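Undergrad: no sequence for this one, just the structure:
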């Protein structure tokens, strides 16, 4: 990373941190007075869009999006590829209101974490996966009934570019039980915003919103089928983007 890019990245982090402090502090006083949708727009959507804008202006992280026509009018379960923090900002600003599955520890982050707690996130304890799965099923269903999108990263953690983590079935199970579709999303944000380190690289992130996938039937078989369908679409899309090796090379590996 060049000296100029390092300076720009440092400025980006300083402004992002300062904005989180200011926004989070204001939100603690203003958000409780607002209805849920307006609260989400004030606390999350505007700040996340601001974060994406900061990345664009200061470190040259731009984006282009395809498949907008696939977004349904009724909120559903979003299953997204996970490579960086960028897609968390982007998706939280693009879909509203959105309830995200996140680590419970994030709610303890001063100011912004406290404000985030006002937005009905599904905050799970990853050290207790069985309890977390039940919590996702119960609270996720409640959020969908309340008209909120539910964002799930089925790989469970950020996976470096060029790799693919196995999809967990929690998101597909939520969709099947709620009788709602899933909306798969693929992207390559990890090239500009790597998982490890603080460096940010200028470039264009491609975000592809896939076709709406309806559950077929009920029960474990329907859950497994829907999950596999979403995972295979993400893998195929990443291959078309050059993010994963072609099928024949993957089979050899």
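TA: Done, it's in. Because the structure is a prediction, the values reported are computed rather than measured.
Undergrad: Could I get the contacting residues of the closest residue to residue 209 other than its chain neighbours?
TA: Nearest non-adjacent residue to residue 209, counting by C-beta to C-beta, 6 or more residues apart in numbering: residue 67, 3.4 Å away. To be clear about C-beta, it is placed using only N, CA and C from the backbone, and glycine gets the same treatment. The contact partners of residue 67, by C-beta atoms under 8 Å, 6 or more residues apart in numbering, come to 208, 209, 210, 211.
Undergrad: which one of the residues you listed sits closest to residue 129?
TA: residue 210 (26.7 Å; C-beta to C-beta).
Undergrad: hang on, isn't the closest one packed against residue 183?
TA: Yes. Counting by C-beta atoms under 8 Å, residue 210 does reach residue 183; the two are 6.9 Å apart.
Undergrad: can you list residues touching both of the two?
TA: Listed as contacting both residue 210 and residue 183 by C-beta under 8 Å, 6+ apart are residue 70.
Undergrad: Please say which of these two ends up with more neighbours.
TA: Neighbour tally, residue 210 and residue 183, criterion other C-beta atoms under 10 Å: the higher count belongs to residue 183, 25 against 21.
Undergrad: What strand or helix carries that one?
TA: In this structure, residue 183 sits in strand 182-187 according to DSSP states H and E.
Undergrad: Can you give the distance from that strand to the centre of its chain?
TA: Offset of strand 182-187 from its chain centre (C-alpha atoms, centre = their mean, to the nearest Å): 10 Å.
Undergrad: next one: stretch 28-39
TA: For stretch 28-39, the distance to the chain centre is 22 Å (C-alpha atoms, centre = their mean).
Undergrad: what distance separates the start and the end of that stretch?
TA: Stretch 28-39 has an end-to-end distance of 11 Å (C-alpha to C-alpha, to the nearest Å).
Undergrad: returning to what we had before: list buried residues within the contacts of residue 67.
TA: Neighbour-count burial within the contacts of residue 67 applies to 208, 209, 210; the criterion is 16 or more other C-beta atoms under 10 Å.
Undergrad: Can you say which helix or strand has the first one in it?
TA: What it means is residue 208. strand 203-209.
Undergrad: So what's the model's average confidence on that strand?
TA: Here strand 203-209 scores 97 as its mean pLDDT.
Undergrad: that older thread, identify, from the buried ones among the contacts of residue 67, the entry nearest to residue 106.
TA: Once C-beta to C-beta is applied, the member of the buried ones among the contacts of residue 67 that ends up nearest residue 106 is residue 209, at 25.4 Å.
Undergrad: and the gap between that closest one and residue 236?
TA: 14 Å (C-beta to C-beta, to the nearest Å).
Undergrad: And residue 90, by the same measure?
TA: 22 Å.
Undergrad: Tell me where the model's unsure across the protein.
TA: Confidence mapping of the chain against pLDDT under 70 gives the ranges 111-112, 248-253.
Undergrad: so what secondary structure elements neighbour the longest helix seen in it?
TA: Counting residues, the longest helix found in the chain (DSSP state H) is helix 3-30. Judged by 3 or more C-beta pairs under 8 Å, 6 or more residues apart in numbering; DSSP states H and E, the packing partners of helix 3-30 are helix 46-59, helix 112-116.
Undergrad: Among those helices, which comes closest to residue 78?
TA: helix 46-59 (14.5 Å).
Undergrad: and the closest one, how far from the chain's centre?
TA: 16 Å.
Undergrad: Run through who's touching that helix.
TA: By C-beta under 8 Å, 6+ apart, helix 46-59 touches 5, 8-9, 11-12, 15-16, 19-20, 23, 61-63, 86, 88-90, 92-93, 112, 192-193, 200-202.
Undergrad: run the last query once more with 6 Å
TA: With contact meaning C-beta atoms under 6 Å, 6 or more residues apart in numbering, helix 46-59 is reached by 8-9, 11-12, 15-16, 23, 61-62, 89-90, 92-93, 200.
Undergrad: what do you get for stretch 25-41?
TA: 43, 96, 97, 111, 115, 118, 119.
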